[in-house]
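can't give you the sequence, but here's the structure:
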């Protein structure tokens, strides 16, 4: 037997040996009853209900598997020995890597940082974090489409006139075609959010406890809005939704749970949607989406539906996202700070002859009204995205190719800064608009890059 193997065989024996000593250094310095209370308090503060965002993103899955690995393993097997596993049967239904991911995602959406900053005594008396329920999908588009199919709404209020993710509107249109094939009529009626204000009588106070999600109305908020970064006041729209017995769904992709937690803002919010491909993934190397449910039953139903449709997130993608979540807070806060400063720089270039007056408009929550909403529901931190408009369509098409650090590509939220001419994908967007996704580069380097490109127009 080799020395290494011998050491491994004897490891447990050494650990199990007990020794006794009369040394006073081993005697407790605190009376046992107080030590017990102190230990209980310390353990309580380290429970999932009291951990902060960065800690939960790393340790929120510690109880999923009893393993010694520091980096979580990736489980690639598609099927499992049912004589050994009492839970896992087939990977389309259950997978330990996916379980880890969904556990963390459900927890991150419920972290109440303000409560966590309260006194020790208050933190011990009250559970500061909420636990919500995550269901992952093969993409953000898959998450959106699956939730719409599950809810089967008759009416959706959504930002229809300008902006908003076109994939959501495509999913509504596809669902209408699917239902219309059988009913020969439009299944879902779509109205712009502005119509909700007109439709609701604010003096009424309907009870929504018995609202049937299969026959009801949905208020679909995308905030911050793609690509203008406009913020919708979640609390305000929840108040309107309550009057008509509607669920509120929030697409919070542009914010991520670091900046915004809609389920904690108002109980009328029943679901939150994210494209995990964006800020959560953060490295432009995975596709994924998630629906966060306020209660367990919808999440359970969505998982059954997911298994039937087969739009599950791959095991490798789940593992990559687990890796990315560990640095999510660091990345997003850096991107938010840089985006804010870059937006102010672009604002200073409007009518600025130094850069040939090419910048005509900046889209970012900088004005007083948007800042007020930002402080209320995003802790004052804007998204790591901004958009600008240039003076001509030709210049808007040309600028991305003149940049050195910022890459000319769609998508967003990664560590590399990207610029996207949105009109080529969505004809409802202004042909002079450019969306900029901020990465982790140095602010001054990004300013220098945009400055040299604007001078070449």
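Everything's here; your move. Source: prediction; values computed, not measured. Numbers count the residues shown, from 1 in each chain.

the strands in the stretch 51-200 of the chain, which residues?
Along the stretch 51-200 of the chain, the segments classed as strands by DSSP state E, counting those that start in this stretch run 133-137, 155-158, 189-192.

what does the stretch 201-350 of the chain give?
Counting by DSSP E, counting those that start in this stretch, the strands of the stretch 201-350 of the chain are 217-222, 247-251, 269-275, 289-293.

and of those, who's closest to residue 158?
With Cβ to Cβ as the measure, strand 217-222 is the member of those nearest residue 158 (4.3 Å). Any C-beta I mention is one placed from the backbone N, CA and C, and that applies to glycine too.

list of residues touching the closest one?
151, 153-159, 163-165, 168, 193, 196, 232, 234, 237-238, 240-241, 244-251, 253-254, 262 (Cβ atoms under 8 Å, 6 or more residues apart in numbering).

pLDDT wise, what is residue 404 at?
pLDDT, residue 404: 98.

element containing it?
If you go by DSSP states H and E, residue 404 is not part of any helix or strand.

now it: closest residue in space, sequence neighbours ignored.
residue 449 (5.4 Å; Cβ to Cβ, 6 or more residues apart in numbering).

mind listing what's buried in the host helix or strand of that neighbour?
Following DSSP H and E, one finds residue 449 within helix 443-455. Across helix 443-455, burial judged by 16 or more other Cβ atoms under 10 Å covers 443, 446-447, 449-450, 453-454.

check stretch 294-312 too.
Using 16+ other Cβ under 10 Å as the test for burial, stretch 294-312 gives 294, 298-299, 302-303, 306, 311-312.

now do it: distance to the chain's middle.
18 Å (Cα atoms, centre = their mean, to the nearest Å).

same deal with stretch 293-306?
With Cα atoms, centre = their mean, you get 18 Å for stretch 293-306.

again with stretch 293-313
On Cα atoms, centre = their mean, the centre of stretch 293-313 falls 18 Å from the chain's centre.

so which residues make contact with it?
By Cβ under 8 Å, 6+ apart, stretch 293-313 touches 92-93, 98, 101, 132-139, 142, 146-147, 149-150, 213, 263, 267, 269-271, 276, 288-289, 291, 321.

ok, of those, which come out buried?
98, 101, 132-139, 142, 146-147, 150, 213, 263, 269-271, 276, 288-289, 291, 321.

now what about stretch 319-327, what contacts it?
With Cβ under 8 Å, 6+ apart as the criterion, stretch 319-327 contacts 57-58, 61, 72, 74, 97, 100-101, 104-105, 108, 276, 280-283, 285-286, 288, 313.

what's the answer for stretch 58-65, then?
48, 51, 72-73, 96, 99-101, 103-104, 107-108, 322, 326.

farthest-apart pair in those, please.
51 and 73 (22.5 Å).

please say which of those two ends up with more neighbours.
More neighbours surround residue 51 than the other of residue 51 and residue 73, with 20 against 12 (other Cβ atoms under 10 Å).

now do the more buried one against residue 131, distance only.
The gap separating residue 51 from residue 131 is 12 Å, by Cβ to Cβ, to the nearest Å.

so where's the stretch 151-300 of the chain uncertain?
Scanning the stretch 151-300 of the chain with the threshold set as pLDDT under 70 gives 180-186, 201-215.

hang on, the earlier thing: select only the buried ones of the contacts of strand 217-222 in ChimeraX?
In ChimeraX, this line selects whichever of these come out buried by 16+ other Cβ under 10 Å:
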select :151,153,155,156,157,158,159,163,164,165,168,193,196,232,234,237,238,240,241,244,246,247,248,249,250,251,253,254,262
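
okay, the strands of the stretch 201-350 of the chain in TSV with distance to residue 334 next?
What follows is the strands of the stretch 201-350 of the chain, written out as TSV (distance: least, Cβ to Cβ, whole Å):
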stretch	distance to residue 334
strand 217-222	24
strand 247-251	23
strand 269-275	19
strand 289-293	23
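
closest to residue 386 out of those strands?
Here strand 217-222 is closest among the strands of the stretch 201-350 of the chain (Cβ to Cβ), at 16.2 Å.

okay, helices next: where are they in the stretch 1-150 of the chain?
Applying DSSP state H, counting those that start in this stretch to the stretch 1-150 of the chain gives helices spanning 3-16, 32-45, 53-59, 96-108, 113-116, 120-125, 140-151.

and the first one, what's its mean pLDDT?
The reference is to helix 3-16. Here helix 3-16 scores 39 as its mean pLDDT.

from here on, call the first residue 256.
New numbering, starting at 256: the last item is helix 258-271.

so residue 587 touches residue 508, yeah?
No: counting by Cβ atoms under 8 Å, residue 587 sits too far from residue 508 to count as a contact (11.8 Å).

appreciated, that's everything.
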